[in-house]
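Undergrad: my questions concern the predicted model and sequence given below.
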Amino acid sequence: MRYLSWLPPLLWLIAAGVVVWFAIEMIPSTPMPDQLLGWLFLAAGIGFLWMCRREFPAARGDAPPPCGAPTRPARPMPPEHVPPPPERRLPDTEPPHYPLSPALRAQLLSVVNLLRQAAILQSGEVTDTAVIECAEYTDAFTEIDLPLTLVILGMLAEQRATPWARLAFFTDQVEVSQGDPCAMIAELARISGHRDVPRQVRFELSGDALPGGILDPPANAVLEFELENCRHTIAFTFYAKYLPGGLIEQAVSILTPPDTARRFFTAACSDHPVIACAEPGAVAKMNAALGREPVWVPV
């Protein structure tokens, strides 16, 4: 029975030989178009040879066993060659959760309500639930005052699709690119109510960006931008890893809306610049409610 497996390839080989021989005899002695039949036989012979080659692995026993056929058990691998088991990956965990006590919730919402009364946070801009939830995933607070409330609002700003209408957060001590000064002006223009977006026209840097810690640093950069069909030029100090010196102070004099009472204020209690655009009277009431020292000061 073992030899019967050689029968299919042998028959294909014989058929290929006969057809090819007939084609070789026919092609030289037959004119066109009858010669095409000889070429057809030659193509058929090549196909028969391909079928013969296809049947050879099964005749030699090299073909893989059919699905479901019993296979020889594999020999065990020596222990020194056994690959180590794959590392167990820990499942993704939720970020740490620090539930706020009733007292901390009251402190947080008290500051948030003061920001709403000063129109630094707009009415309906954020819910108390969203602020509390963000605070509980920010840190384990023992008390919450204005600086920590601004930290929470800054974290919440990164999660929101819509930025705060009258509040802007800037990060200090990071790499600064040449496009960042105009982006800062655009953020100030946004919170002051300008509908137009500043467009950078020219940026010139004299030499390299300066390091921090220099007393009375010179202005080494010039930014020219266009806003509402007017061009403005600001000379300021461009640092490598600090916010531009003198840029915000000059920008607010350009961007202060002339048709409203709103002005720019910065939170003196924050490690990173936080700029708000609000009415001075409302800000004064908030400063009085928070303590003797003003926490919001004019830029």
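TA: Nice, I can see it.

Undergrad: quick one: least confident helix or strand in this protein?
TA: helix 35-60 (a mean of 68; mean pLDDT, DSSP states H and E).

Undergrad: what's the first helix or strand after it?
TA: helix 102-117 (DSSP states H and E).

Undergrad: surely residue 276 forms part of a helix?
TA: No. Under DSSP: H, G, I helix; E, B strand; the rest coil, residue 276 falls outside any helix and is assigned strand.

Undergrad: list the contacts for the nearest residue to it once chain neighbours are set aside?
TA: Nearest non-adjacent residue to residue 276, counting by CB to CB, 6 or more residues apart in numbering: residue 120, 4.6 Å away. C-beta here means a position set from N, CA and C on the backbone, and glycine is covered the same way. By CB atoms under 8 Å, 6 or more residues apart in numbering, the residues touching residue 120 are 166, 167, 276, 278, 283, 286.

Undergrad: can you pull the buried residues of the helix or strand hosting residue 283?
TA: Assessed by DSSP H and E, residue 283 sits inside helix 280-290. Residues of helix 280-290 classed as buried: 282, 283, 286, 287, 290 (neighbour count, 16 or more other CB atoms under 10 Å).

Undergrad: possible to save the residues you listed as a markdown table with pLDDT and distance to residue 103?
TA: A markdown table is the format used below for the buried residues of helix 280-290 (pLDDT from 0 to 100; distance: CB to CB, whole Å):
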| residue | pLDDT | distance to residue 103 |
| --- | --- | --- |
| 282 | 97 | 27 |
| 283 | 97 | 27 |
| 286 | 97 | 21 |
| 287 | 96 | 24 |
| 290 | 92 | 18 |
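
Undergrad: let me have these in TSV, adding distance to residue 51 as columns.
TA: Below are the buried residues of helix 280-290 laid out as TSV (distance: CB to CB, whole Å):
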residue	distance to residue 51
282	91
283	91
286	91
287	94
290	92
